[in-house]
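Student: Model the following, please.
(one chain, ligands or ions: 1)
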Amino acid sequence: MEKAQLKLNGKTYDFPVVVGTENEHAIDISRLRRDTGYITLDEGFHNTGCESSVTFIDGEKGILRYRGYDVAELAEKSSFVETAFLLVYGRLPTVTERKQFSVLLTENSLLHEDMNHYFTGLPPHAHPMAILSTMVSSFAIFYPTYFVDDKDPKTFDTMVAILLSKVRTIAAFSYKKSIGEPFVYPRHDLRFCGNFLNMMFASPVKPYEADSEAEALLNMLLILHADHEQNCSTSTVRLVGSSRVNLYSSVCAGINALWGPLHGGANQSVIEMLESIHASELTIKDVLDRAKSKSHPFRLFGFGHRVYKNFDPRAVIIKKACLKFLESRKTSDPLLDIALELEEAALKDEYFIERKLYPNVDFYSGIIYRALGIPTNMFTVLFAMGRVPGWIAQWKEMHDAVPIKIGRPRQVYMGAPLRFYKPIEEREE
Ligand code: ACO
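Tutor: Prediction:
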């Protein structure tokens, strides 16, 4: 077996090298502190990882696979529900499994009626991500199946269905709350994405007309968001879950991590950025200059990625679908024109070329959501809806590991040395 050697204070230490299925290499330093007394510092976890069998990314080649399947193939041929099954259970379902899974999702689509009352007390302008986080947190109150045994397959299946199905219902209800319309309940006769669009856009005075193109597009977007290995929200789910807290609470932590504008919240920030460019006198050059300036906190939202250093395969698929959808609807969006100009200019700019900054998953997704009639503050909720299967799959992988290790980093203390307490009257003003 290949080994890495570390020379420290005249001694040599060996550490095993781990090689992944796709020839990725890692040095296993789990014995480092025990053997040497040293720890590693790795701000932002640029070099820290775990072993996982869920998703593979090659950031240089722009490859993304769930359980071995290329995401482009899944986006073209699969449905979100089937992809969710694949991620969570590790294989594509059979016809029977697929039916049983759909039935379980359907049976778990309603919210507990008492949960619906939560919405009454919420201010109308509450951000849907805050609502989603609050509601998912309360799953542990309303659906405490984890008290039984979360290693029991039936209990786990129910928790999976509760999360996947009810997150979708909450998403639609939070929109209805924000526009002051009555909730439209989930229906047993509709498929996953059609059901969501119906809950969003039907009203007691106007039924929603099924739109197969919109449904297919939403399926595709949810598939593309379904997992992304050890990103910020997923690592959060794993870290929180490593304390052995229940699945609902772990996923809730992931939802909160996703909300940030450097992560899933970027899809909202992209549209707000494009809108502000549209409403101002700013030129594309001004915007890029701001993004490049070290004295300005502004960043080009929807650009750059920790892992992708060539292109983000999700962004390529989404951009193509976005152009096709707007064309098929014979509609235009001035924000799309700005986005296209920005992308073209950024990709020719030395700053972006040098740093390998490309459009990421969030750059064009918002333009599709707008075309579907979904308001900007709902975009990150849709991201969360898509990411639920990935969070569950990664939580389960971590949870099933033997022995389960609590996530607990160390530190190098840089604060004050030992000091002695002074009574308040002796302290200098
Ligand atoms: N605009 C301007 N400059 C950027 C951008 C950007 N969008 N992204 C990175 N850079 C610059 C950084 O300032 C840094 O420059 P420097 O080397 O001169 O200091 C360099 O590129 C490297 O960037 P880091 O921040 O070190 O890269 P990191 O991997 O830590 O961050 C991130 C990745 C957070 C995605 C970053 O590219 C970013 O902030 N992008 C904008 C927000 C965004 O779109 N987030 C969504 C990401 S996808 C997702 O999470 C779903």
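
Student: Grab the longest helix from this structure for me.
Tutor: Longest helix in the chain by number of residues, with DSSP state H as the criterion: helix 153-179.

Student: Show me what counts as buried in that helix.
Tutor: Within helix 153-179, the residues scored as buried using 16 or more other C-beta atoms under 10 Å are 155-178. Where C-beta positions appear, they are placed from N, C-alpha and C, glycine not excepted.

Student: which among those are in contact with the ligand?
Tutor: By C-beta under 6 Å from any ligand atom, no member of the buried residues of helix 153-179 lies near the ligand.

Student: which strands and helices sit next to the longest helix of the chain?
Tutor: When contacts are defined as 3 or more C-beta pairs under 8 Å, 6 or more residues apart in numbering; DSSP states H and E, helix 153-179 packs onto helix 95-107, helix 113-120, helix 128-137, helix 139-142, helix 146-149, helix 192-201, helix 247-258, helix 379-400.

Student: Now render those helices as JSON lines, adding distance to the ligand and mean pLDDT.
Tutor: Shown next, in JSON lines, are those (distance: least, C-beta to the nearest ligand atom, whole Å; pLDDT from 0 to 100):
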{"stretch": "helix 95-107", "distance to the ligand": "25", "mean pLDDT": "97"}
{"stretch": "helix 113-120", "distance to the ligand": "28", "mean pLDDT": "92"}
{"stretch": "helix 128-137", "distance to the ligand": "14", "mean pLDDT": "96"}
{"stretch": "helix 139-142", "distance to the ligand": "24", "mean pLDDT": "94"}
{"stretch": "helix 146-149", "distance to the ligand": "28", "mean pLDDT": "73"}
{"stretch": "helix 192-201", "distance to the ligand": "20", "mean pLDDT": "98"}
{"stretch": "helix 247-258", "distance to the ligand": "8", "mean pLDDT": "97"}
{"stretch": "helix 379-400", "distance to the ligand": "7", "mean pLDDT": "97"}
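
Student: Using JSON lines, lay out those helices together with mean neighbour count.
Tutor: Output for those, formatted as JSON lines (neighbours: other C-beta atoms under 10 Å):
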{"stretch": "helix 95-107", "mean neighbour count": "15"}
{"stretch": "helix 113-120", "mean neighbour count": "13"}
{"stretch": "helix 128-137", "mean neighbour count": "21"}
{"stretch": "helix 139-142", "mean neighbour count": "17"}
{"stretch": "helix 146-149", "mean neighbour count": "12"}
{"stretch": "helix 192-201", "mean neighbour count": "22"}
{"stretch": "helix 247-258", "mean neighbour count": "24"}
{"stretch": "helix 379-400", "mean neighbour count": "25"}
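
Student: in the stretch 301-429 of the chain, what residue is nearest the ligand?
Tutor: Residue of the stretch 301-429 of the chain nearest the ligand, by C-beta to the nearest ligand atom: Gly304 (2.3 Å).

Student: quick one: average confidence on the biggest strand by length in the chain?
Tutor: The longest strand of the chain (DSSP state E) is strand 11-19. Averaging pLDDT along strand 11-19 gives 97.

Student: Show me what it is packed against.
Tutor: Checking 3+ C-beta pairs under 8 Å, 6+ apart, strand 11-19 ends up next to strand 3-8, strand 25-27, helix 32-36.

Student: Can you tell me the SS state at Leu122?
Tutor: Classification of Leu122 by DSSP: H, G, I helix; E, B strand; the rest coil places it in coil.

Student: how close does it get to the ligand?
Tutor: 26 Å (C-beta to the nearest ligand atom, to the nearest Å).

Student: That residue: neighbour count?
Tutor: By other C-beta atoms under 10 Å, 15 other residues sit near Leu122.

Student: Could you do the one 4 residues further on as well?
Tutor: By the criterion of other C-beta under 10 Å, Ala126 has 16 neighbours.

Student: What pLDDT is listed against it?
Tutor: In this prediction, Ala126 carries a pLDDT score of 92.

Student: try Ile404
Tutor: 85.

Student: How about the contacts made by it?
Tutor: By C-beta atoms under 8 Å, 6 or more residues apart in numbering, Ile404 lies in contact with 242, 244, 398.

Student: how about the nearest residue to the second one, chain neighbours excluded?
Tutor: Okay, so that is Arg244. In space, Arg244 comes closest to Ile404 once its chain neighbours are excluded; the distance is 6.9 Å by C-beta to C-beta, 6 or more residues apart in numbering.

Student: List phi and psi for the one you found.
Tutor: phi -70, psi 130 (degrees, to the nearest 10).

Student: What distance do you get for it to Ala26?
Tutor: 20 Å (C-beta to C-beta, to the nearest Å).

Student: From the ligand, how far out is Ala214?
Tutor: 23 Å.

Student: Pretty sure that residue sits against Ile374.
Tutor: No. Judged on C-beta atoms under 8 Å, Ala214 makes no contact with Ile374 at a distance of 10.0 Å.

Student: Near the ligand, which residues of this protein are found?
Tutor: Counting by C-beta under 6 Å from any ligand atom, the chain sits next to the ligand at 44, 231, 262-264, 266, 291, 299-306, 355, 357, 360-362.

Student: if you look at those residues, which of them are in helices?
Tutor: With helices taken from DSSP H, the overlap with those comprises 266, 291, 362.

Student: By neighbour count, which of those residues wins?
Tutor: Asp362 (29 neighbours).

Student: Quick one, grab the pLDDT at it.
Tutor: We have a pLDDT of 95 for Asp362.

Student: Same check on the one 10 residues further on?
Tutor: Per-residue confidence for Leu372 comes out at a pLDDT of 96.

Student: next one: Leu336
Tutor: In this model, Leu336 is scored at 97, pLDDT.

Student: mind listing what it touches?
Tutor: Applying C-beta under 8 Å, 6+ apart, the residues contacting Leu336 are 322-323, 326, 364, 367.

Student: what's the answer for Arg306, then?
Tutor: Arg306 neighbours (C-beta under 8 Å, 6+ apart): 46, 231.

Student: Any idea how many residues pack against Tyr13?
Tutor: As a burial measure, Tyr13 scores 16 neighbours (other C-beta under 10 Å).

Student: Pairing-wise in the sheet, spell out the partners of it.
Tutor: With DSSP bridges applied, Tyr13 shows beta-bridge pairing to Leu6.

Student: coming back round to it: from the ones in helices among the residues of the chain next to the ligand, which is closest to Val205?
Tutor: Of all these, Asp362 has the smallest distance to Val205: 34.7 Å, by C-beta to C-beta.
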